[in-house]
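[1] Sequence and predicted structure, then a few things I'm wondering about:
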Amino acid sequence: MPTLVLASASPARRTTLLHAGLDPLVAVSAVDEEAVVARHGVTDPQDVALLLARAKAEHVAADEGLPENAVVLGCDSVLEIDGSVHGKPSGPDEAVERWRRMRGRHGVLHTGHWLVDLRPDGSGGSVGAVGTTTVHFADLTDEEIHAYVATGEPLEVAGAFTVDGLGGAFVERIDGDHHCVVGVSLPLLRTLLARLGVPWHELWRGTTTHHPGGD
């Protein structure tokens with residue numbers, strides 16, 4: 001059975017995969033994101049997201065200590081507002097300014113996904129794609145913005161917001177796959193794995209038992 005390796009330190013990505021029945025190994029990459037983007041000269045938000053996802057996956061895939069049946073997943077998310085790319089804010093001041101710009105408006109969240117197949121009997125190839133979701137933000141007051149930034153949460157995530165944490169109350173609507181906003185699109189990941197010849201259900205941990213609903 002293939003071993004999925006998540007090349008990300010994001011607790012939200014790992015939790016999403018765990019809730020979907022997967023139990024990935026975590027191997028955090030040490031990619032310098034700004035240097036990678038500068039070296040390749042990319043500016044399009046989708047290209048940035050895919051480039052960074054690929055860089056992270058390939059960096060981890062080069063580790064000789066991985067299981068020989070590993071399939072490495074790299075992900076990266078960026079928020080696009082008015083054509084500009086936004087990752088994690090550099091500090092509280094930038095996070096406050098970001099939210100003043102976002103409030104009452106919408107942004108487009110791009111999450112790049114890249115898989116590297118290391119299985120000896122696999123294709124030995126790699127595949128990638130970008131999931132795109134539109135996020136509509138509430139019209140926050142200055143007091144709410146400062147209170148949210150003071151929690152530290154916006155400083156740890158792309159776009160300076162979450163939907164699965166304290167920031168969930170500040171997102172009014174999502175057009176698209178909400179998993180993509182959390183950091184990994186399950187339907188897109190399933191499609192990419194299938195392209196490598198890895199059925200989704202083969203990655204489920206243990207024995208899956210159906211529990212019918214009831215009162």
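    Great, that's in hand. The structure presented is a predicted model; accordingly, all values stated were derived computationally and were not measured.
[2] Which positions in stretch 82-91 come out as buried?
    Of all the residues in stretch 82-91, those buried under the rule 16 or more other C-beta atoms under 10 Å are 85-89. No exception for glycine: its C-beta is placed from N, CA and C like everyone else's.
[3] just checking, next helix/strand downstream of the helix or strand bottoming out on mean pLDDT in the chain?
    Lowest mean confidence among the helices and strands of the chain (mean pLDDT, DSSP states H and E): strand 84-86, at a mean of 88. Per DSSP states H and E, the first helix or strand lying C-terminal to strand 84-86 is helix 92-102.
[4] could you dump that following helix to PDB, C-alpha only?
    Extracted C-alpha coordinates of helix 92-102, given in PDB (Å, rounded to 0.1, in the frame of the first residue of the first chain):
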ATOM      1  CA  PRO A  92       0.800  42.200  12.800                       C
ATOM      2  CA  ASP A  93       0.800  45.600  11.000                       C
ATOM      3  CA  GLU A  94       0.600  43.900   7.600                       C
ATOM      4  CA  ALA A  95      -2.100  41.600   8.900                       C
ATOM      5  CA  VAL A  96      -4.200  44.600  10.000                       C
ATOM      6  CA  GLU A  97      -3.700  46.400   6.700                       C
ATOM      7  CA  ARG A  98      -4.600  43.200   4.800                       C
ATOM      8  CA  TRP A  99      -7.900  42.800   6.700                       C
ATOM      9  CA  ARG A 100      -8.800  46.500   6.200                       C
ATOM     10  CA  ARG A 101      -8.400  45.800   2.500                       C
ATOM     11  CA  MET A 102     -10.300  42.500   2.500                       C
END
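[5] Which neighbouring elements make contact with it?
    In this structure, helix 92-102 makes packing contacts with helix 142-150, judged by 3 or more C-beta pairs under 8 Å, 6 or more residues apart in numbering; DSSP states H and E.
[6] and the helix it packs on, which residues are buried?
    Quick answer for helix 142-150 (16+ other C-beta under 10 Å): 145, 148-149.
[7] cool, and stretch 29-37?
    Neighbour counts over stretch 29-37 (16+ other C-beta under 10 Å) mark 29, 31, 33, 36-37 as buried.
[8] Make a markdown table out of the residues you listed and add pLDDT and secondary structure.
    Listed next are the buried residues of stretch 29-37 as a markdown table, based on pLDDT from 0 to 100; DSSP: H, G, I helix; E, B strand; the rest coil:
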| residue | pLDDT | secondary structure |
| --- | --- | --- |
| Ser29 | 89 | coil |
| Val31 | 89 | coil |
| Glu33 | 88 | helix |
| Val36 | 93 | helix |
| Val37 | 91 | helix |
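[9] does Arg173 really touch His136, like I thought?
    Yes: the pair Arg173 / His136 is scored as a contact, 4.2 Å apart, by C-beta atoms under 8 Å.
[10] neighbour count winner among the two?
    Taking neighbours as other C-beta atoms under 10 Å, Arg173 and His136 compare with His136 leading, 14 against 10.
[11] And the more buried one, how far from Asp32?
    Counting by C-beta to C-beta, to the nearest Å, the gap from His136 to Asp32 is 33 Å.
[12] Starting from the least confident helix or strand of the chain, tell me which strands it pairs with and how they run.
    According to DSSP bridges, strand 84-86 has the following sheet partners: strand 70-81 (antiparallel).
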